[in-house]
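>>> what follows is a predicted protein model with its sequence.
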Amino acid sequence: MDELRHWLALATVHGLDGQRFDRLAEHYSVQQLATAKASTLNHLGFTPRQIDILTSQSAALIESALRWRDQASHHHLIYYQHPQYPPLLKQTKQPPLLLFVKGDPAVLAQPQLAMVGSRQPTPTGRRVAHDFAAELTQQGYVITSGMARGIDSESHKGALHAGGLTIAVLGHGLRQIYPTSNTALAQQISEQGALVSEYFPDVAVRSEFFPQRNRIVVGLSLATVVVEAGLKSGTLISANLAADYSRDVFAVPGSVYSTQSAGCHLLIQQGAKLVTCVADILEEQHFFPANGQKRAQQDEKNSQFDLFTQLLLANVGDDALAIDQIAERAQMSVTDVSIALLELEIAGEVAAVPGGFIRVRSA
């Protein structure tokens, strides 16, 4: 309990994030930092405001946080060195020292995809967000978003509708819900995923907190999917953060006449991957290691293809052979051989010449 109190004390200090803590932790323990005198904190570079909060105002906030935790069994406090602190979030530039979680904290470590977009989407945008989220959860991913109106809410709803898990990162304390129209949605998310915040339970909604919230949404996720965004949308902040964290950005295109899609088109021009279906996202092979089942399926598929390739190449030589001849020799269907030959041609293993295909021999 004392250790948790020390973490809560440090979490009251605005501007003290995980990266700065790591530097301080090279010389000081959590207890030493939380109980340090004002002169020591000043020497360490804390501002007068930060020193005042830590030495004079943190006690009341700590007690409030502990009361919130004790109110329900699904209320959790996950500090920076806690075993359930999400590893991906630690890799970001400003990981929060503490997370307040309402729901299942174990879901924070599962493979997640962030879905973000306009708060005033078109009907098409709503449908895309809902359907993409539903299908992605069926592929084993947790959908993470900010529970704002529009694309955020539709993404959460899509995941829930498909029986999947979803995480909502909020820009305020967990004693309240914003927007209030999402009260029922928030309850569902806490039962089928988690509500997460870096802010103490009683902290009210403030507009400047939402961009800060976005860094956690993106930081928890393997990649970010953008569904409708204006050119000056806050959604672009999330996309830029994802790129800054070296995470992939996927953007759904729209009409060239739609201002709601202008931001997505800009992201695509800047290097985001254009996606028109969930398959476009899943074909990124580096996602499979995050999902054991998908990785096993892919490994099995690759193994089968390797055997198929060896058998096929054994029947292609220096003399041109037509596809039907190769199929007959390999005892395979013409359709399967045609597809495989195309892939082998792209890989540089075979070459199409007059009369059929020949084997490409290395020098």
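That came through, no problem. Residues are numbered from 1 along each chain as shown.
>>> bridged to the closest residue to Ala322 other than its chain neighbours, which residues?
Distances taken as Cβ to Cβ, 6 or more residues apart in numbering put Gly356 closest to Ala322, at 4.2 Å, once the chain neighbours are dropped. Heads up, the C-betas are built off the backbone N, CA and C, glycines and all. Judged by DSSP bridges, the bridge partners of Gly356 are Val353.
>>> what sits against Gly356?
Residues near Gly356 by Cβ atoms under 8 Å, 6 or more residues apart in numbering: 320-323, 325-326.
>>> repeat that for Ala133.
Residues in contact with Ala133 (Cβ under 8 Å, 6+ apart) are 115, 143, 154-159, 162, 164, 166.
>>> from those, which land in helices?
Mapping the contacts of Ala133 onto helices (DSSP state H) picks out 154-159.
>>> buried among these? Make that a PyMOL selection.
Entered in PyMOL, the line below selects the buried ones among the ones in helices among the contacts of Ala133, by 16 or more other Cβ atoms under 10 Å:
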select buried, resi 154+155+156+157+158+159
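>>> which one of the ones in helices among the contacts of Ala133 is nearest Ser190?
The nearest member of those to Ser190, counting by Cβ to Cβ, is His156 at 11.4 Å.
>>> so what's the closest one closest to, chain neighbours aside?
Counting by Cβ to Cβ, 6+ apart, His156 lies nearest to Thr166, which is 4.9 Å off, once chain neighbours are set aside.
>>> ok, what's across the strand from the one you found?
For Thr166, the beta-bridge assignment (DSSP bridges) gives partners Ile143, Gly193.
>>> what's the burial count for it?
30 (other Cβ atoms under 10 Å).
>>> then Ala320?
Residues lying near Ala320 (other Cβ under 10 Å) number 15.
>>> cool, Asp280 as well?
Neighbourhood size, Asp280 [other Cβ under 10 Å]: 13.
>>> do you know the pLDDT at it?
With respect to pLDDT, Asp280 scores 94.
>>> check Leu88 too.
Looking at Leu88, its pLDDT is 95.
>>> again, but for Arg295
On the pLDDT scale, Arg295 is placed at 46.
>>> I'd like the numbering to begin with 42 instead of 1 from here.
In the new numbering, first residue 42, that becomes Arg336.
>>> per-residue confidence for the residue nearest to Ala363?
Listed pLDDT for Gly397 reads 83.
>>> which SSE is the residue sitting furthest away from the middle of the chain in?
Distance from the C-alpha centroid of the chain, by Cα atoms, centre = their mean, peaks at Asp360 (50.7 Å). Following DSSP states H and E, one finds Asp360 outside all helices and strands.
>>> go on, Leu102?
According to DSSP H and E, Leu102 maps onto helix 99-112.
>>> contact partners of that helix?
Helix 99-112 is contacted from outside by 45-46, 49-50, 53-54, 116-118, 141, 215-216, 241-243, using Cβ under 8 Å, 6+ apart.
>>> and stretch 361-380, by the same measure?
For stretch 361-380, contacts defined as Cβ under 8 Å, 6+ apart pick out 349, 352-353, 355-357, 382, 394-399.
>>> list the buried ones in the strand or helix carrying Ser379?
Using DSSP H and E, the element containing Ser379 is helix 375-387. For helix 375-387, burial by neighbour count (16+ other Cβ under 10 Å) applies to 378, 381-382, 385.
>>> turn those residues into JSON lines, columns for pLDDT and distance to Ala147.
As requested, the buried residues of helix 375-387 are exported to JSON lines (pLDDT from 0 to 100; distance: Cβ to Cβ, whole Å):
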{"residue": "Val378", "pLDDT": "76", "distance to Ala147": "47"}
{"residue": "Ala381", "pLDDT": "76", "distance to Ala147": "42"}
{"residue": "Leu382", "pLDDT": "78", "distance to Ala147": "46"}
{"residue": "Leu385", "pLDDT": "78", "distance to Ala147": "44"}
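>>> cool, thanks, talk later.
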